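>>> Provided below are the primary sequence and the corresponding predicted coordinates.
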2 protein chains.
Amino acid sequence: MPEERSTRDRVLDAFERLLVGAGSRAATLDAVAADAGVSKGGLLYHFHSREALVEGMVERLREQARADVAKMVSAPQGPVEFYLETSVDSGSDFDRALIAASRIAQENDAGARTALADIREAWFDVLNEHLGDIALARTIQLIGDGLYFDDTTGLAHPDALTHVREVLKRLP
Amino acid sequence: MPEERSTRDRVLDAFERLLVGAGSRAATLDAVAADAGVSKGGLLYHFHSREALVEGMVERLREQARADVAKMVSAPQGPVEFYLETSVDSGSDFDRALIAASRIAQENDAGARTALADIREAWFDVLNEHLGDIALARTIQLIGDGLYFDDTTGLAHPDALTHVREVLKRLP
DNA sequence: GTCTATATTCAGATAGAC
DNA sequence: GTCTATCTGAATATAGAC
């Protein structure tokens, strides 16, 4: 049977949920604790400061990213389709962690920014190796970023992915 | 001779600079006032609350957007190239306003979110009318969003725009 | 229109009981 | 490991002098 989610993980989940849903200003220790169903004291036992909370989140994101890249490499539908599909918010834990980290990165946090840069580089390497075409790999990564940005800003268009597939098919 | 920038405008400029450079959490009334070279009391004379500051910013953004769309329609290099070029952070006032508004939109602010949706719709209409190709127009808009997202998250790649141009040239 | 001073509320963090 | 109580400083906002 699967283990109960630890308090530590539930706190990180809540932090990410608040970052994604309402932004960093709203992700206060009070709000995170309430959302995680723990007291502020309980939260601060696991993370001694807000900074530590961010660090814990980034660390967990790096682990999730390792698993994602592994799945991308051996995806049955191929890395490109796998990458595009997962750029449209799938609501997965990894997606949430990614969006949450980008919120923190926008605040000039070096840890979050470096982690995101590393993850993007890993994705690009897989795309580039599979396609053998730097320009196309980069363009596909940009399209993924666009899909992702639109989702996270509430600007997503329902047909976006279909349209992208159609345009990519036209390429020689 | 050009008029002096009003205090009101300098306050909005400072608010945007802080939102873009350090995020909403850092864009406190204190910080905005200091950056604008005015006292907090002086700031609050022009904007009675933080909310009013956001509203003022969004209102100004809409005006800037009207001018941008007009330029896009009649750009000598064509709307597509104009759109892609200006999706890479050009450091213009309009860019800054756009990025600042997206920071606020991420906090679930209806005003900022609606304004951005309206502006994106206007851009799409110009692309679609020019190209006569919904899928391609949408894909180009996504690429623009990707360029823009990368810039604003500090993840921009220097050759990105060159690579995109190269791929677009391959399309029939 | 802009300032200083101040009130109020809230976020981050500590101490210590259980 | 989790709680309550509490301290400190910061953020938003008001009042009133200039």
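Cool, got the structure.
>>> host element of the closest residue to residue A:139 other than its chain neighbours?
Residue nearest to residue A:139 in three dimensions, not counting chain neighbours: residue B:167, with 4.4 Å by C-beta to C-beta, 6 or more residues apart in numbering or on different chains. The C-beta positions use only the backbone N, C-alpha and C, and glycine is treated the same way. Using DSSP states H and E, residue B:167 sits within helix B:160-170.
>>> Give me the angle between that helix and helix A:160-170.
On the basis of axes from the mean of the first three to the mean of the last three C-alpha atoms, to 10 degrees, helix B:160-170 is oriented at 60 degrees to helix A:160-170.
>>> For residue A:35, which non-adjacent residue is spatially closest?
residue A:14 (3.8 Å).
>>> again with residue A:119
Closest to residue A:119 by C-beta to C-beta, 6+ apart is residue A:65, at 4.5 Å.
>>> DNA strand C versus the one you found, what's the distance?
The gap separating residue A:65 from DNA strand C is 26 Å, by C-beta to the nearest atom of the strand, to the nearest Å.
>>> burial measure for residue A:31, as a count.
Per other C-beta atoms under 10 Å in any protein chain shown, the neighbour tally for residue A:31 reads 17.
>>> Name the helix or strand for it, please.
Following DSSP H and E, one finds residue A:31 within helix A:29-36.
>>> looking at it, the residue nearest to residue A:139 is touching residue A:171, isn't it?
Yes. Here residue B:167 reaches residue A:171: they are 7.3 Å apart, a contact under C-beta atoms under 8 Å.
>>> Is DNA strand D within reach of the helix or strand where the residue nearest to residue A:119 lies?
Under the criterion of DSSP H and E, residue A:65 resides in helix A:50-73. No. Using C-beta under 7 Å from any atom of the strand, helix A:50-73 stays clear of DNA strand D, with a minimum separation of 12.3 Å.
>>> quick revisit: isn't the residue nearest to residue A:35 right up against residue A:32?
Yes. Counting by C-beta under 8 Å, residue A:32 is a contact partner of residue A:14 at 5.0 Å.
>>> who has more neighbours, the two?
Neighbour count, other C-beta under 10 Å: between residue A:14 and residue A:32, residue A:32 has more, with 26 against 21.
>>> any idea how far that one is from residue A:40?
When distance is defined by C-beta to C-beta, to the nearest Å, residue A:32 is 9 Å away from residue A:40.
>>> what residues are up against residue A:80?
Neighbour list for residue A:80: A:127, A:130, A:131, A:140, A:168 [criterion: C-beta atoms under 8 Å, 6 or more residues apart in numbering or on different chains].
>>> three-state assignment of it?
What DSSP: H, G, I helix; E, B strand; the rest coil gives for residue A:80 is helix.
>>> Check the gap between it and DNA strand C for me.
With C-beta to the nearest atom of the strand as the criterion, residue A:80 and DNA strand C are 40 Å apart.
>>> Kindly report the same for residue A:114.
21 Å.
>>> cool, and residue A:82?
From residue A:82 to DNA strand C the distance is 36 Å (C-beta to the nearest atom of the strand).
>>> Next, count neighbours for the residue nearest to that residue when sequence neighbours are not counted.
Nearest non-adjacent residue to residue A:82, counting by C-beta to C-beta, 6+ apart: residue A:75, 3.7 Å away. Neighbourhood size, residue A:75 [other C-beta under 10 Å]: 16.
>>> can you check residue A:163 too?
Quick note: residue A:163 (other C-beta under 10 Å) scores 19 neighbours.
>>> cool, residue A:109 as well?
So residue A:109, with other C-beta under 10 Å, has 19 neighbours.
>>> ok, it - contacts?
residue A:54 are the contacts of residue A:109 under C-beta under 8 Å, 6+ apart.
>>> Could you list the low-pLDDT ranges of chain A?
Applying pLDDT under 70 to chain A flags residues A:1-2.
>>> tell me the centre residue of it?
Central residue of chain A (C-alpha atoms, centre = their mean): residue A:98, 1.6 Å from the mean position.
>>> Quick check: closest non-adjacent residue to it.
residue A:61 (6.9 Å).
>>> if we can go back for a sec, surely the residue nearest to residue A:82 meets residue A:69?
No. Residue A:75 is beyond contact range of residue A:69, at 10.6 Å (criterion: C-beta under 8 Å).
>>> for stretch A:74-93, the distance to its chain's centre please.
12 Å (C-alpha atoms, centre = their mean, to the nearest Å).
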